[in-house]
Each structure stands twice: as structure tokens, then as C-alpha cells.
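A.B. asks: need a 3D model of the following:
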Amino acid sequence: MRFSLSSILLLLTVAVCHGADDAEREAARFFEKDVRPILVNRCYECHSKTKQKGGLRVDHVGYLKTGGDTGPALIPGAPEKSPMIEAIHYTDEDFQMPPKNNGGKIPDAEIATLEKWIKMGAPWPEDAAHKVVVTEGGFTEEQRGYWFFQPVAKVQPPAIKSDWVRNDIDRFIMQKLKENGLDHAAEADRHELVRRVYFDLHGLPPTREEIDDFVNDKDPKAYEKLVDKLLASPRYGERWAQHWLDLTRYAESDGYNADAYRPNVWPYRDYVIKSLNDDKPYDQFVREQIAGDEIAPNDPDVLIATCFLRNPVYEWNQRDVRGQWDIIVTDMTDTTGELFMGLSMGCAHCHNHKFDPILQKDYYRLRAFFTPVQWRDDLKLATPDEKKAFDEQQKKWETATAEIRAKMDALTAPILEPKVERALTRFTEDLQGMVRKTPDQRTALERQLAGLCERQMEHERRTFDPMKSLRKDEDKAAYQALAEELKKFDSLKPKPLLDAFVATDAGPKGPSNPLKTRKGEQEIAPGFLTLLEPKEPEIKPTGNSTGRRTVLANWLTRPDNQLSTRVIVNRLWQYHFGRGIVATASDFGKLGEVPSHPELLDWLTNRFVAGGWHFKPIHRDIMLSAAYRQTARREPSAAAAKTDPSNRLLWRFNPRRLDAEQIRDALLAASGELTMTAGGPAEDGNGTRRSIYTMKKRNNQNELLRALDAPSGFASTAERQSTTTPTQALQLINGDWLLARARKLAARVNSIDDVWLAVLGRPPDATEKASAESFLRKRAGDAMPSDTKTTTETTESFGFKENTPQERLLIQTSEKEGDEFTIEAIATLNTIDVNASVRTIASRWSLGKDSIEAFGWSLGVTGEKSRYKPRNVIVQLVGEDENANIGYQVVPSNINIELGHRYHISARISCVEHTVAFSIQDLTTPGSPL
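C.D. replies: From the prediction side, this is the model:
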């Protein structure tokens, strides 16, 4: 079963090949975004057009290959042989660049970037045909005429007559096919269609019943009804939210080395899911995420949207808070440019964009919208009325406990406050001065930087353990007594409000936003692309905020904004077909691809805006088209293989692999374990909820999801990689989590047909069935006969007597439990222990390696004074953890049995799934539930 299930799962995957053009484009993007800024910032001052120390220039790869006085500076493909890499590593005291007196050794991350670039062959994409030249009067006509910067055109669908056409989308597709001498594919059969639309809209396979209902529905509008039903389901929001979370670099940890957990980020995930299920207009969706705090500061359902501004990676224990904050603002700027505008704005951070008409000044104009942002840890996700009620009740508790808490603080302050002060003194003196100011005395920048410092100081308070830190026994006793006294007032405390993982502005006046060049420093005000909007926008502060982000959000959601409207419509198309009309979904510039169907893109964009910015009507248009309904089971014709080998023109539906979350969720659905609990905090990846509700830590991803190319959340992901690696095969064949799903599936099926129907939604064909039967016969023949029984059984019984709680019935057996085993018993308890001891039904113990500790398990029922409540069926476990430390754990069933009743009790203990499954039935009462 292990092999056969995995083989079927591997049928779900299809390798995706990337052309040379994609590789060249990615190399150019990598150079412009990552490599060129290093050369400009670290090397140009001494090695460019105006100055060539040692005869070396680094402003073109040709100069680097030729080198200076000492020969070539780099060897393409061989960083280990390239002198420039040796110099920046500082391995030779006489050969170090940049020199110590001019910036010193560059960061390791930048060294790694240059090594990667040279290993790639040192691609240098700039040539005369692609250079962006900005004249004194502005941009060239070629730059102004680039298609993406033109207004969205009012387009009429082509007047094409064809029985194949189902809606106007098909007219655009058919026209391009005819122009290129191609034809469309046949319509997919109903089995293919039903699985396509379920995975597309829900990310889940249809059940056998759902397949049968659709396949056997004679209504001519059966497919249309199916699409409408799936769009109306809450499963739609759970699937399509994953696309948006990829774009917004959502994760539940900070990243970097510490990778601290973010316990209150999940409401943003739920906000996205709800917004999509409600079909919230996209313009409103964007405004809330960029400026929700300015638009509706008292609405928690809107405020949480600003978590978009909190999603960047962050190293909480970084002492260089200035550098850290600069990285965060840069991330907000770059992500906004890519996600909403479809432009690689980051390439203009250090210089004018080398390919697109984006000035360095434009980058800083966009950045100025985000420089006032402050991450907030002091706000709650609650309405004004909820906060008022909380504050009133909290005040009652504080008044009642003031004296107790003051005494507790008096005991801990002499130890805690010096620790906090030491945390502060780790920062530079100017930062210490900012922290020591009151909030009202700080400037906007000082509030931002002091806030990052105070996070580290607060960590000292949060992790302070009085009982471990107090030195005198009498102080510990006094503190413990006060803590017990304080507990008596717990009934007065209000239910905690959820901390808001959100952002606001640091005040009505933003910090400076200087553009620094060799010529000096220039203050840059907020603004848009000079090519489109050369004038500065009018911005009015609102309350305690600058109002800047509201202006940006309103510009991005203007109906005539040709950037943002095209970008989002293209993304919808991309997620349905696997490739956008513009294939480079976050880069519509010169480094990206031109649209395959530009008129269709503009027609859909106009339809989207005119329809109120709603997603669901566009989903419907796309999915009801004949283009979407084409079969993927078509080999390319000779003409297609020559003219359009990558299927840009859609002569068939694009076959593609299920993504990581679809595969994991499909496995749970096939094994019958998938639970549909929606919303709330994430669970561990070993659970059975949908993948969107599993914990996503940047540096510690779920193994299966990571192997299947789920993004880590370090950056905005417009198009997921689709790799084929040995790790994927190993996870699908031998992964512990997957094997557990296979066992669950095996317990549900009775035939080969059942397996295929559960996993693929169809019966096997003759070849598949014959192959499976052959495999099973071979496995059965290879199996070794077993001389040992698989169970140990006794029909004897015993009963506890008063004052003899340790009486036992011994069963002699040499068998050992495996990683999974089940204990079953018929038991009647007339009494339980009057204290906290457990009445043991069954147990097994053995001495540990040191012949001191007892390892094993016990199934029993709790006594009167147990902290797990009396008459609770529990399992007790003792053994070594992964660190070879002795661990003790109690797993309660929370099922309380009645005395004098006869019960069937079983417990399945799984070390593979880390679970204990209890089954208990009252045999005394006929018809009682299990």
C-alpha cells in the first residue's frame, strides 16, 4: 500500500519546463535588483568612468573581464578563481577591497550575491537597445509609448463566428489562434472538468458523490450551476486567500536567525479569507490594507488589514535598529511596487532604472508614503465599546490589587530593572536618548526607532521569572504568597482582548526622506511615477496620521490607473490558467514579457472596473469560457509545437502540477481525515486542518509543503516555482506524515477501484488496474510469514478491593509494541481512588538504560482529587524525548465514565502521528453512542 498510494500521488504531478528566455529574464532581474546596487554603492567611487584605481573599471562586465593592472577581476562561472572575490573576502591582508579606510569589508550576504552572479556566468543585461535615457526635458518617446503606461483601451471583442465560442473571451482567444494558424482543443469531459474547477476554486478534490452529481446532471446549465455553487462556498475564500498571502509575504514568524513566532498575525489571514468570500470590491480591499488605520481607525475588521505593512521580515534582537528600520521601509516600498503596480521599483533604489522609465527620485517618492509608518504593539482588535468595557473592568481589578502588585514589584524591581537597563545600554547613546524621552518629546523617527529598542527591553520583562531570579528563600516565599493572594481576584479580570498586529503612522508629521547622492542630499516628498504624475499630490493629515497612505491607496484604486487595474486582472487570469496574459505577473516592464492577448487584457480590465471591482464575476467569465473548458489531454500539433510550444495562445488547457497546499489537502481528503474548522490560530502541520490554517514559520516550514515549493514568506511571490526533486519523491514515498495518511486510506478502502476513486476521483483503466494487481501480488509473495501473534489477549478478569489500589493481573508476553498499537478492555469500575491515584486498566513498564527510570504506558481512570477531574479515562506515557531527556505526559480523553457501568474502552497510541485516539462505549445502556 505504501508504494501504490505514493505512485498514484506522483501521477498528480507534471513537470514544468522553463525556456531560455525565462532564464535570461530572471538573470537580468537578479542583476538589476541585487548585483548592480552592490557595484554602484561599493565600487563605483574608485572604479568607474571618472576614476580607475589600479586601472580597473567595474561599470561593465567587459572591463571586469579585462581587468586592471593585475589582470582580469573575474572569471565567469568560477567565483573561486576570481580575484575580486578573493579581495572582498579579506583573506589576504595586502589585497582587500573595499579598503578598510573606505567602507571596509562588505557584508557576507553581498559577498554571496556576487559569488552567485559570477557562478551564473556574470550576466550583464544592459546594452544599447535597452538603456533608459532620461533627457533634460523628460523621457523619450519610446519610453512614453511603452504599452503598460498607456491608458486602458476601450476594446470591442472581435467579430468572430464559431460554434466553439461561449462568451466574448473566446473571441479574443480564437482570433489569436487563427492569426497563427492554430486551432483550439476539444472540450474536457465532465470528469476532467469537475476536478479542475474544484481544485481551482476550492483547492480540494471533489468527493465521489460530487463527481457523480455533476457527471449525471442532464441540465444544460449543469456546469454553470457548479461554478456558481463553488464560488458561493466558504472553501473559495480559503483557496484564493493563499494566492494573496503569497503576494503579501505572509508568515507567522519574523524570519532571520531568531525567527520569533508571531502569535497574533492570523487575524489578517482570516480577514483575507472573509474579504474574498464576501467578494469585497478590490479597490476597498487595497485601501484597507494600505491605509485601514486612516480610513476606519475604530473598526477592528478594517484595522487588521494593515498587517500587510507588518509582514516584512524582522530581526527583533538586532542592535542596529536604524539599519533594520531602513530594510523594513524598503520592503514595504518594493512589495507595493511589485504587488499593486507590477513594476520592479527596487531596481531604482540606487540609480535610475536601467530598463523602465522609473527615476531614482520616483523610488523615493513612493518610499515617502511609508516612511511615517510605525509598527504598533499597544493596540487591541476591538470596537470602542469593547475597549471601554474592558478598561472599566480592568480598572476595577487594578484598584483591588494595587497593594498586592506594589509589594510584588518591590520584591522584583531590584533584579528586573537592572536587566532592563542593561538591555537599553546595548544600544548607541543617541538611541538611548530617544528611549529615555517621553513619547510626546519624540519626533516621528525617534518614535519608530525607540519602539524597536523598547521591544528588546520588553523581552526582558516578558521572560523574567521571579521564582528563578529571587535569591533569598524568604523573598521567594513572600512572592509566592502574594501571587496566590493575587489569584483570588482573577474573577475581576476582564477577558483579554486580542493584541492587534497592525501599523499606523508615528504622528501627523512624517520623518525626513532624503535621497543621498554624490552631489549631495535632496529631501523627497511623496509622489507617484514622474512619467504618469509629475506633480506632487495634495496630502492632508488626518487625526494623528500624515494621511499619506490614504492618498497612495486612492491613487492605486483610481478607475483610470492603468497599472494596478491591469495587474490584478492579469493575476486572476494567471491563477486560473497557470500563466498570466502577461507571464511575468509582478513585472510588466521591459524585463518582463509583453502580453499574449493585450486587447483581451484591456477588455477584461474595463469589465472588472465597470463591474464594481468584484472578483467573482471575472472568475465566472473566465471559467464559463470555452477556452477554460478545453481539455489538457492534447498533444501539440506540428504547427503548435513550432509556433507556440509554451501554449501562450491557449490551443489547449495548460496541464500543471497541483501546488503544495492542494496536494496536502487532497491527501487528507483521500484519507478521510480532513477537518473543515475555519479561522483562528494556526495548528501544527501534523494536524488535519486545511493547509492555509497550518503554522507557517519562515525558517522552519512544514517539511512536505517546503518540499513541494510552498514559498517561505521572505518576499512577495507572484509565481511559485514548480520543481521536480528527489526530496519530493522521498516525502511522498517515505514521509512519516504521508505514510500515516496511507494507513488511514488503506483502512477505508476495499478494492483497487476504491483507491483510485478516493485519490483520483475516477476508476482505474485496464492498464492501471493490471499494474496495481501485479504489484499487490508481488508484495504478498515477498511478505515473510509471521510466527508471532499480532495481539495479546486474556479473558481473565480482576477487581480492585478497598485499600488495595495496586492489585494487578499479569499477562506473560515477550511481544513488543510497535510505533502504533491499540489497547482494548471491557471494564466495570465500582469505585475510584479517593485521592488522585489512577485505577490502572492496563499498563506496561520496563527499566530504562540506567536501570532506574521506568519507561512505558498506562491506561486508567483518574481518582477523586485528580487535576484532570475524576473518572476521566487517561493514558500516561513515560520515555525519552528527542533530546534523550526523560519525559512524562498525560493524555486525557476528557470522557468521564459512570461507576457501576460496563464499558468497552480502547486507546490507540500512535508515535507516528503523536496522537492517542480513545473509543469508549457504555455497554450497560443499550444503543449508547461510541
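A.B. asks: Pro681: how many residues sit nearby?
C.D. replies: Other residues within reach of Pro681, judged by other Cβ atoms under 10 Å, total 12. (Glycine included, C-beta is placed from N, CA and C.)
A.B. asks: list the contacts for it?
C.D. replies: Contacts for Pro681 (Cβ atoms under 8 Å, 6 or more residues apart in numbering) come out as 263, 266.
A.B. asks: use 541 as the first number for this chain going forward.
C.D. replies: With 541 as the first residue, the last one maps to Pro1221.
A.B. asks: now it, what's its secondary structure?
C.D. replies: The local conformation at Pro1221, judged by DSSP: H, G, I helix; E, B strand; the rest coil, is coil.
A.B. asks: over to Gly1227?
C.D. replies: Applying three-state DSSP: Gly1227 is coil.
A.B. asks: and the spatially closest residue to it that is not a sequence neighbour, how far is that from Glu1243?
C.D. replies: Distance criterion Cβ to Cβ, 6 or more residues apart in numbering; nearest residue to Gly1227, sequence neighbours excluded, is Thr1234 at 6.8 Å. Relative to Glu1243, Thr1234 is positioned 12 Å away (Cβ to Cβ, to the nearest Å).
A.B. asks: which residues do these two both contact?
C.D. replies: By the contact definition Cβ under 8 Å, 6+ apart, Thr1234 and Glu1243 are jointly contacted by Gly1225.
A.B. asks: so for the two, which sits in the more crowded spot?
C.D. replies: Neighbour comparison, Thr1234 and Glu1243: the larger count goes to Thr1234, with 22 against 15 (by other Cβ under 10 Å).
A.B. asks: the more buried one and Tyr796, how far apart?
C.D. replies: When Cβ to Cβ is the yardstick, Thr1234 and Tyr796 sit 22 Å from each other.
A.B. asks: elements contacting the longest strand belonging to the chain?
C.D. replies: Secondary structure of the chain read by DSSP state E shows that its longest strand is strand 1426-1436. The criterion is 3 or more Cβ pairs under 8 Å, 6 or more residues apart in numbering; DSSP states H and E, and the helices and strands that strand 1426-1436 contacts are strand 1412-1420, strand 1455-1462.
A.B. asks: pLDDT on whichever helix or strand comes after that strand, on average?
C.D. replies: The C-terminal neighbour of strand 1426-1436 among helices and strands, as given by DSSP states H and E, is strand 1442-1450. For strand 1442-1450, mean pLDDT is 88.
A.B. asks: in strand 1442-1450, what's buried?
C.D. replies: Buried residues in strand 1442-1450, counting neighbours by 16 or more other Cβ atoms under 10 Å, are found at 1443, 1445-1450.
A.B. asks: tell me which of those is nearest to Tyr738?
C.D. replies: When these are ranked by distance to Tyr738 (Cβ to Cβ), Ser1450 comes first, at 30.2 Å.
A.B. asks: run through the bridge partners of the closest one.
C.D. replies: Going by DSSP bridges, Ser1450 is paired in beta bridges with Glu1360, Thr1455.
A.B. asks: can you pull the contacts of Thr1263?
C.D. replies: Thr1263 makes contact with Asp1249 under the criterion Cβ under 8 Å, 6+ apart.
A.B. asks: in a strand, it, correct?
C.D. replies: No - read with three-state DSSP, Thr1263 is coil and lies in no strand.
A.B. asks: how near is it to Asp1249?
C.D. replies: Taking Cβ to Cβ as the criterion, Thr1263 is separated from Asp1249 by 6 Å.
A.B. asks: also Ser1104?
C.D. replies: To Asp1249, Ser1104 is 27 Å away according to Cβ to Cβ.
A.B. asks: those two: which is more packed in?
C.D. replies: When Ser1104 and Asp1249 are compared for neighbours, Ser1104 comes out ahead with 20 against 17, by other Cβ under 10 Å.
A.B. asks: quickly find the element holding that one.
C.D. replies: Element membership of Ser1104, judged by DSSP H and E, is helix 1102-1117.
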